[in-house]
Every structure is written in structure tokens, then in C-alpha cells.
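**Q** pasting the structure only:
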């Protein structure tokens, strides 16, 4: 299990836990003291990333696009912060 924590400057704590196999994400969980509306978007994001390549550019694009398309309201972080914490967890 890989893990990375990140305190967003002026924002909230984000943590990513991940497992991989053959350069694909097999398990992912984001935690922290951030807020998302709707809350179900967090689980949807995690599920959407299962099976995705661990390539940092691919992950960043997928995460940013997900939040943009869903119009998710995020308090205390940005989509790029989620990408940052996940990419670092996977290193």
C-alpha cells in the first residue's frame, strides 16, 4: 500500500492510499479534511481511476477533467491537488 499526505497551502489535508499492479491502479482511497459537493463524487472519482495507467500526465488529466465535467464543488483544495497527492503516492 502506497500513501502520501499533503497539506494544501491555505487549505485542507489530502491523503491518497493506492495499490497498483502492472502499472495500473487496483485500489484507491482519498481521505482528508476537505469537502466535496456532491459527496458521492469522491467515490465516483476513485472508482473511475481503478484500472487507469499510473502515468502522472494521464492521471492529472483524468482527475481535472472529472471535476470539471461534474462541476464538483471542492472546498479547501483544487483538482490539481488531488492529482498531486495521488501522483506522489504512486512514486
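**A** The structure has been received and is ready for your questions. Since this is a predicted model, take the numbers as computed values, not measurements.
**Q** so for this structure, the centremost residue is which one?
**A** residue 82 (3.9 Å; C-alpha atoms, centre = their mean).
**Q** that one and residue 22, how far apart?
**A** Distance, residue 82 to residue 22, by C-beta to C-beta, to the nearest Å: 23 Å. Where C-beta positions appear, they are placed from N, C-alpha and C, glycine not excepted.
**Q** for the protein, what's the longest helix?
**A** Secondary structure of the chain per DSSP state H: the longest helix is helix 56-70.
**Q** what is it packed up against?
**A** Packing partners of helix 56-70 (3 or more C-beta pairs under 8 Å, 6 or more residues apart in numbering; DSSP states H and E): helix 40-49, helix 79-89.
**Q** list phi and psi for the residue lying farthest from the centre of the chain.
**A** In the chain, counting by C-alpha atoms, centre = their mean, residue 22 sits farthest out from the average C-alpha position, at 19.5 Å. Backbone torsions of residue 22, given as degrees, to the nearest 10, read phi 50, psi 40.
**Q** any idea how many residues pack against the residue nearest to residue 41 when sequence neighbours are not counted?
**A** Of all residues not flanking residue 41 in the chain, residue 72 sits nearest, at 4.6 Å (C-beta to C-beta, 6 or more residues apart in numbering). Look at residue 72: counted by other C-beta atoms under 10 Å, it has 18 neighbours.
**Q** what sits against residue 72?
**A** 36, 37, 38, 41, 66 (C-beta atoms under 8 Å, 6 or more residues apart in numbering).
**Q** of those, grab the buried ones for PyMOL.
**A** The buried subset of the contacts of residue 72, as determined by 16 or more other C-beta atoms under 10 Å, is captured in PyMOL by this line:
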select buried, resi 36+41+66
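**Q** any chance of JSON lines for the contacts of residue 72, columns distance to residue 30?
**A** Below are the contacts of residue 72 laid out as JSON lines (distance: C-beta to C-beta, whole Å):
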{"residue": "36", "distance to residue 30": "9"}
{"residue": "37", "distance to residue 30": "15"}
{"residue": "38", "distance to residue 30": "15"}
{"residue": "41", "distance to residue 30": "11"}
{"residue": "66", "distance to residue 30": "12"}
